[in-house]
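Peer 1: Fold the following, please.
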Amino acid sequence: MATANDDEVLEGFLCPICKADLKSANQLTSHFESLHQEEQDVLKSLKDIFGKAKKIILNTDDTDLKETFDRALKLNSQDYYPFEEQTIGVSRSSTDYFRAVRSARLERYATETNKLLIRLDKLVCNMPSEPSQRKLHEQEVVPWLDGSSVKLCPNCAKAFNLTRRKHHCRLCGSILCHDCSVFLDLNIAKAIVDPSRPQTSQAEELNEKNGLRLCEHCSYLIDLRKQVQENRNAKTVLMTAYEQMRSLMDQAKPAVAMYEKMCQSLFDGETTYNLADVNAMRGRIGKLAEGIDLLSKQIAAFPVEPATRQAKLQTAIRQAASHYIKEDLLSLRKLPTEAQIDEVRRQRYERAQKQIQLERERTERERQRRGGEAESSGSRVEGPAHDDDNPLLEQMNIIRGYIKEARKELRFEEVAILETNLKELKKEYQFQMLSNKS
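Peer 2: Predicted structure coming up:
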């Protein structure tokens, strides 16, 4: 504390009356009680205030905390700060002013962005591929500023020289250096001016050859426009789940048709498919049904206001998915047993053997009819010395390998085509064998 006579600053446990330094709080209290009796009321009031504050903080007072606090506030307000009810004065709403300022700012940004988009559309449309013609095309769309009097880059304030050349923004025509340039890929620019254009997945290096040179301000406005388009075209969680469910339904439809075809092949006794193939296809259909059921439940459980149009739509989607699973995916034809398949194939084999026997008899009659003509003309075809050298056997082995790979990957449409080719080769091989024997 500073004394009244000079600017000397005193520190320590000072007596507020005589300014004596008592070195400790206890000595200061004893000194004040013994030498300054007339100030005891002030000390007592200070002790009461600190005591009540301590009790309130520690919550050791028996009285209610809220009542004590209200009473203390009321006492202090009456003694030191008389309460006066404040009247409400004149008020004014600034909402219209804020809206006007905001609208003007948004209008300025919107107008400037639309102007840049129009220029960008003209730049990317019919852009020449040759660099010299492209530069002329860019200058025709956006006039470039005269940089003869510009000595420094407006963005980084660095001087232009032989190594730091002057460049122009392709959208506003302003001058900047290469380090302050931002390049916009032409594919992205075309997607901005035409959102329906499919975007390419290949990421190209952004440089002067395949990008538009922009300043930071124009690049910022173009990026804002791109973000608005992306947010507008962004799909909701509900839409994403519905599209995934429809994709699974599209996969399940041909899978069910293939399953029916495979079952019918087993019932007909054909060897194109076996029971393991059909069981694998049935398991695939089961997994698709589980995925459709899970996604439809997620759609139905999506939070929405009850009794609204969206709530009815979500319920209808769930009911349609349940009906589709029950009627189309779970009501598949029952598979035949191994005994039934063996019996059908045995009967089919016997019919095939009878057909082969008839074919042999017909070939034998034909051979006897031609008889000596073939021997006299020397046109008899000699069979190969070894069957292993027959190219048909090699082709059949290759096709069997393809069939094995297709079965492993559940490509049963390809299995059917390969099995058909294998049967044709077997018939051709049997015909050759019969011809050689004859």
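
Peer 1: so where's the stretch 201-350 of the chain uncertain?
Peer 2: In the predicted model of the stretch 201-350 of the chain, residues 201-210, 349 satisfy pLDDT under 70.

Peer 1: can you pull out the helices in it?
Peer 2: Using DSSP state H, counting those that start in this stretch, the helices of the stretch 201-350 of the chain run over 216-233, 237-267, 275-300, 309-324, 338-370.

Peer 1: Run the angle between the shortest one and helix 237-267 for me.
Peer 2: Calculated by axes from the mean of the first three to the mean of the last three CA atoms, to 10 degrees, helix 309-324 forms an angle of 10 degrees with helix 237-267.

Peer 1: by contact count, what packs against helix 309-324?
Peer 2: Helices and strands touching helix 309-324, by 3 or more CB pairs under 8 Å, 6 or more residues apart in numbering; DSSP states H and E, are helix 237-267, helix 275-300. Using the backbone N, CA and C atoms, a C-beta is placed for each residue, glycine as well.

Peer 1: which outside residues touch that helix?
Peer 2: With contacts defined as CB atoms under 8 Å, 6 or more residues apart in numbering, helix 309-324 is touched by 238, 242, 245, 249, 292-293, 295-297, 299-300, 302, 304-305.

Peer 1: domain assignment for the protein?
Peer 2: The record's domain parsing of the chain by automatic domain parsing lists 1-37, 100-233, 237-329, 386-438.

Peer 1: any chance of these in JSON lines, plus distance to Leu358?
Peer 2: Shown next, in JSON lines, are these (distance: least, CB to CB, whole Å):
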{"stretch": "domain 1-37", "distance to Leu358": "127"}
{"stretch": "domain 100-233", "distance to Leu358": "61"}
{"stretch": "domain 237-329", "distance to Leu358": "19"}
{"stretch": "domain 386-438", "distance to Leu358": "12"}
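
Peer 1: Out of those domains, which gets nearest to Val344?
Peer 2: For Val344, the closest of those is domain 237-329, at 3.6 Å, according to CB to CB.

Peer 1: May I have the distance across that closest one, first residue to last?
Peer 2: Using CA to CA, to the nearest Å, the end-to-end distance of domain 237-329 comes out at 26 Å.

Peer 1: roughly how far out does it sit from the chain middle?
Peer 2: 23 Å (CA atoms, centre = their mean, to the nearest Å).

Peer 1: Columns mean neighbour count and distance to Met127 on top of the helices and strands packed on helix 309-324, output as JSON lines?
Peer 2: As requested, the helices and strands packed on helix 309-324 are exported to JSON lines (neighbours: other CB atoms under 10 Å; distance: least, CB to CB, whole Å):
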{"stretch": "helix 237-267", "mean neighbour count": "16", "distance to Met127": "35"}
{"stretch": "helix 275-300", "mean neighbour count": "17", "distance to Met127": "44"}
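
Peer 1: that older thread, and the two most separated of the contacts of helix 309-324?
Peer 2: For the contacts of helix 309-324, the maximum inter-member distance is 27.7 Å, found between Met249 and Glu305 (CB to CB).

Peer 1: still on that earlier bit, same list (the helices of the stretch 201-350 of the chain) but as TSV, adding distance to Gln395.
Peer 2: TSV is the format used below for the helices of the stretch 201-350 of the chain (distance: least, CB to CB, whole Å):
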stretch	distance to Gln395
helix 216-233	52
helix 237-267	23
helix 275-300	23
helix 309-324	43
helix 338-370	21
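
Peer 1: Among these, which comes closest to Ile192?
Peer 2: helix 216-233 (5.7 Å).

Peer 1: on that earlier part again, just tell me which of the helices of the stretch 201-350 of the chain ends up closest to Ser174.
Peer 2: Nearest of the helices of the stretch 201-350 of the chain to Ser174, taken as CB to CB: helix 216-233 at 8.3 Å.

Peer 1: Tell me the buried residues in that closest one?
Peer 2: Within helix 216-233, the residues that qualify as buried are 217-219, 221-222, 225-226, counting by 16 or more other CB atoms under 10 Å.

Peer 1: Let's have those in JSON lines, adding distance to His178.
Peer 2: As requested, the buried residues of helix 216-233 are exported to JSON lines (distance: CB to CB, whole Å):
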{"residue": "His217", "distance to His178": "17"}
{"residue": "Cys218", "distance to His178": "16"}
{"residue": "Ser219", "distance to His178": "14"}
{"residue": "Leu221", "distance to His178": "21"}
{"residue": "Ile222", "distance to His178": "19"}
{"residue": "Arg225", "distance to His178": "25"}
{"residue": "Lys226", "distance to His178": "23"}
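
Peer 1: Check those and tell me the two furthest apart.
Peer 2: His217 and Lys226 (15.2 Å).

Peer 1: And whichever strand or helix holds Asp96, how far out from the chain middle?
Peer 2: Using DSSP states H and E, Asp96 maps to helix 95-124. The chain centroid and the centroid of helix 95-124 are separated by 30 Å under CA atoms, centre = their mean.

Peer 1: And stretch 142-158, by the same measure?
Peer 2: Counting by CA atoms, centre = their mean, stretch 142-158 is centred 42 Å from the centre of its parent chain.

Peer 1: can I assume Leu184 is in contact with Ser219?
Peer 2: Yes: look at Leu184 against Ser219 with CB atoms under 8 Å: they come within range, at 6.8 Å.

Peer 1: Pull out the buried positions in stretch 125-137.
Peer 2: Applying 16+ other CB under 10 Å to stretch 125-137 flags 127, 137 as buried.

Peer 1: now do stretch 310-318
Peer 2: Counting neighbours by 16+ other CB under 10 Å, the buried set in stretch 310-318 is 314, 317-318.

Peer 1: Of the residues you listed, which is the nearest to Asp342?
Peer 2: Ranked by distance to Asp342 (CB to CB), those are led by Arg318 at 44.1 Å.
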